[in-house]
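S.K.: sequence and predicted structure, then a few things I'm wondering about:
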Amino acid sequence: MMQLAEAVVGDIHEATGRFMRLLRRRFAENNIVILGEKILPANFGRHRLIIVTARNGGVRTYKFYLIYQRRWFESFQKYFGVPAEAASVNLSILERAVRHGYDRIVWVSQDGSMFWIDPREMKRIVEERGWIRKTRKTGEEVAHIPLDYLLRLG
């Protein structure tokens, strides 16, 4: 009997810790000094809004929207005709990220892989290509983007 690989990242809390370790390391490598961090629950506690104030010459605030995605959207080809796995986010969340000037939407998967994209770029791509669908289950509009369009972190 085949055994399933054990999850490296089990939930949003572990995903947040994994992303924050990477972010802190990247900032330190680039001589960016973190002055403050806020991690706030979003989307009924399923996601996180991460706000980091840092000094890199001047003081700047960075905003990241973090999503723990157990599994990538494997039906992308079925719905959109493109053979790919995709990351997903509710269209309303994507639009909020654009409206409020978030720097990146970040996905952390169960296997520990991390990807991100500028929400403005994602919105442009999914609208141009029609990669938005309404779910049967909840009726919510969801934006999907193939992993190849995202920057892999780590």
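M.R.: Now that the structure is in, tell me what you want to look at.
S.K.: need the CA coordinates for stretch 143-153. CSV is fine.
M.R.: The C-alpha trace of stretch 143-153 is given here as CSV (Å, rounded to 0.1, in the frame of the first residue of the first chain):
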residue,chain,number,x,y,z
ALA,A,143,-9.6,33.8,-9.4
HIS,A,144,-7.1,31.1,-10.4
ILE,A,145,-3.6,31.5,-11.6
PRO,A,146,-1.2,28.7,-12.8
LEU,A,147,1.8,28.3,-10.6
ASP,A,148,4.1,29.1,-13.6
TYR,A,149,2.8,32.7,-13.3
LEU,A,150,3.9,33.0,-9.7
LEU,A,151,7.4,33.5,-8.2
ARG,A,152,8.5,30.5,-6.2
LEU,A,153,10.0,31.5,-2.8
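S.K.: what sits up against it?
M.R.: 19, 22, 72-73, 76, 79-80, 82, 84-91, 94, 106-107, 113-117, 122-123, 125-126, 131-133 (Cβ atoms under 8 Å, 6 or more residues apart in numbering). Using the backbone N, CA and C atoms, a C-beta is placed for each residue, glycine as well.
S.K.: what's the first helix or strand after the longest helix seen in the chain?
M.R.: Determined from DSSP state H, the single longest helix within the chain is helix 12-29. As assigned by DSSP states H and E, the chain's next helix or strand after helix 12-29 is strand 33-42.
S.K.: mind listing what's buried along that next one?
M.R.: By neighbour count on 16 or more other Cβ atoms under 10 Å, the buried set for strand 33-42 is 39, 42.
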